[in-house]
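Engineer: Coordinates for the following, if possible.
(one chain, ligands or ions: 2)
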Amino acid sequence: MFRKCLTSLVQNTVSVGTLTPKATEFLRRSVHNGSLGRPPKILITGGLGQLGIECAKLLRSQYGKNNVILSDIIKPNDAICESGPYIFADILDFKGLQKIIVDHQVDWLIHFSALLSAVGEQNVPLAVKVNIEGVHNVIELAKQYKLRIFVPSTIGAFGPDSPRNPTPNVTIQRPHTIYGVAKVHAELIGEYYYHKFGLDFRCLRFPGVISSDPPGGGTTDYAVAIFHEALRTGKYTCYLRPDTRLPMMYIEDCLRSLLEFMRAPSEQLKRRVYNVTAMSFTPEELAYKLSKYVPNLHVTYQPDSRQQIADSWPEVFDDSEARRDWNWQHKYDLDGLVDYMVKDVQENYINVENGQRRASAKI
Ligand SMILES: NC(=O)C1=CN([C@@H]2O[C@H](COP(=O)(O)OP(=O)(O)OC[C@H]3O[C@@H](n4cnc5c(N)ncnc54)[C@H](O)[C@@H]3O)[C@@H](O)[C@H]2O)C=CC1
Ligand SMILES: CC(=O)[C@H](N)C(=O)O
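Structural biologist: Residues are numbered from 1 along each chain as shown. Ligands and ions are numbered 1, 2, ... in the order given. Reported below is the predicted structural model:
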């Protein structure tokens with residue numbers, strides 16, 4: 001009965017006449033913070049991308065396997081199905097998303113569906129749909145069902161007119177990619193819904209995120225690809241100039257920032273959109289660090305259309321406001337990142353492939 005009453009409160013489907021507005025708000029917040037014995041039910045959209053699978057692992061370790069639902073439009077493999085709930089959800093299907101939120105009593109929405117910067121430029125109409133219409137759908141649903149919603153933004157939300165070193169939290173934003181335009185739109189509409197309707201909208205601008213999982217087609221992808229190529233072949237051809245400096249972050253830091261930010265009490269947040277970062281480096285500097293593990297590493301540079309995008313993005317990201325307001329602190333610097341990535345790619349990709357090759361040679 002108590003659980004039912006709380007759920008109704010969270011979803012605002014009944015009015016509880018006997019409770020004061022303050023008590024109602026307290027209960028609603030307690031459920032969102034997982035502090036009433038009921039962890040939040042979380043839906044991750046675009047969950048089979050670079051960030052989604054690892055994010056689900058982290059959130060499931062905190063809130064339980066069945067309280068975190070992964071969703072995407074991709075057919076999942078066996079490992080994904082075994083790891084916890086997975087649902088097909090097209091971000092463009094408003095009613096379909098609505099049904100999932102109602103059926104599964106969702107409290108938090110982590111909205112990862114997107115076309116990244118380089119792929120977005122290859123298919124602008126689709127990027128407009130997924131990155132702009134998709135955000136409209138989730139923001140409206142989050143408002144209707146009183147969800148806490150996280151939408152990531154990016155260094156790509158800045159453009160050539162923005163100060164690049166450092167790029168502060170609030171400054172000129174005139175991006176030249178459809179990806180960036182859509183992210184600025186997401187930041188603004190989220191802030192608008194917060195001011196107008198009290199929506200608990202939260203947004204972090206991430207730098208290039210580095211993990212061993214394949215990235216989705218961005219401008220910062222080289223910083224993942226170089227590990228896979230260099231450790232397999234000792235060579236890598238980079239599509240950016242050697243001196244292209246970009247802000248970056250190891251995935252563990254990125255997802256921890258998301259979790260800490262989602263858990264931060266609303267009154268601690270001075271704004272709804274924060275820059276976060278860990279380090280900045282160039283391809284040349286990364287190659288130098290990697291050459292300590294791959295002594296004869298040979299990197300060549302053939303800049304393509306992604307160079308122009310990178311040249312319009314921040315070089316150094318100023319995340320001092322996140323550090324001040326909710327105590328954001330990164331753990332991995334460039335040395336730590338390279339060390340972890342080398343181990344991860346070697347153990348979980350190269351050694352596994354070699355094992356499979358040996359096994360099939362025996363058959
Ligand atoms: N990976 C990075 O370096 C950064 C990522 N971000 C943001 O984080 C979020 C997640 O990024 P990644 O995981 O790297 O992207 P990703 O490209 O690896 O994954 C995006 C996912 O969205 C899904 N998707 C595409 N169309 C869809 C649709 N119609 N309905 C539902 N899902 C759909 C794709 O199937 C894919 O699994 C994105 O919003 C991205 O802009 C922000 C800054 C840096
Ligand atoms: C920094 C990002 O948003 C992403 N990795 C991209 O390069 O598009």
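
Engineer: quick one: secondary structure of the closest residue to ligand 2 within the stretch 151-300 of the chain?
Structural biologist: Using C-beta to the nearest ligand atom, the single residue of the stretch 151-300 of the chain nearest to ligand 2 is Gly218, 2.4 Å away. To be clear about C-beta, it is placed using only N, CA and C from the backbone, and glycine gets the same treatment. Here Gly218 is recorded as coil under DSSP: H, G, I helix; E, B strand; the rest coil.

Engineer: got the contact list for it?
Structural biologist: Gly218 is in contact with 116-119, 156, 208, counting by C-beta atoms under 8 Å, 6 or more residues apart in numbering.

Engineer: Which stretches in this protein count as strands?
Structural biologist: Along the chain, the stretches classed as strands by DSSP state E are 42-45, 68-72, 86-88, 108-111, 148-150, 153-154, 200-206, 208-210, 235-238, 246-250, 273-275, 279-281, 298-301.

Engineer: Which positions in this structure make contact with ligand 1?
Structural biologist: Selection of the chain residues close to ligand 1 by C-beta under 6 Å from any ligand atom yields 45-46, 48-52, 72-74, 90-92, 112-114, 116, 130, 152, 154, 206, 208-209, 215-216, 218, 220.

Engineer: of the contacts of Gly218, list those near ligand 2.
Structural biologist: Answer for the contacts of Gly218 near ligand 2 (C-beta under 6 Å from any ligand atom): 116-117, 156, 208.

Engineer: Dump these to CSV, plus distance to Leu188.
Structural biologist: CSV is the format used below for those (distance: C-beta to C-beta, whole Å):
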residue, distance to Leu188
Leu116, 20
Ser117, 19
Gly156, 15
Gly208, 23
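
Engineer: Verify the stated contact: Ala328 with Val276.
Structural biologist: For residue 328 the amino acid is Trp, not Ala. Yes - in this structure, Trp328 is within contact of Val276 by C-beta atoms under 8 Å, at 5.8 Å.

Engineer: Which of these two has more residues huddled nearby?
Structural biologist: Neighbours per residue (other C-beta atoms under 10 Å) separate Trp328 from Val276, with Val276 holding more: 26 against 23.

Engineer: who touches the more buried one in this structure?
Structural biologist: By C-beta under 8 Å, 6+ apart, the contact set of Val276 is 204-207, 249, 254, 257, 317, 319, 322, 328.

Engineer: Contact residues of the stretch 201-350 of the chain facing ligand 2?
Structural biologist: Contact residues (C-beta under 6 Å from any ligand atom) of the stretch 201-350 of the chain with ligand 2: 208, 218-220.
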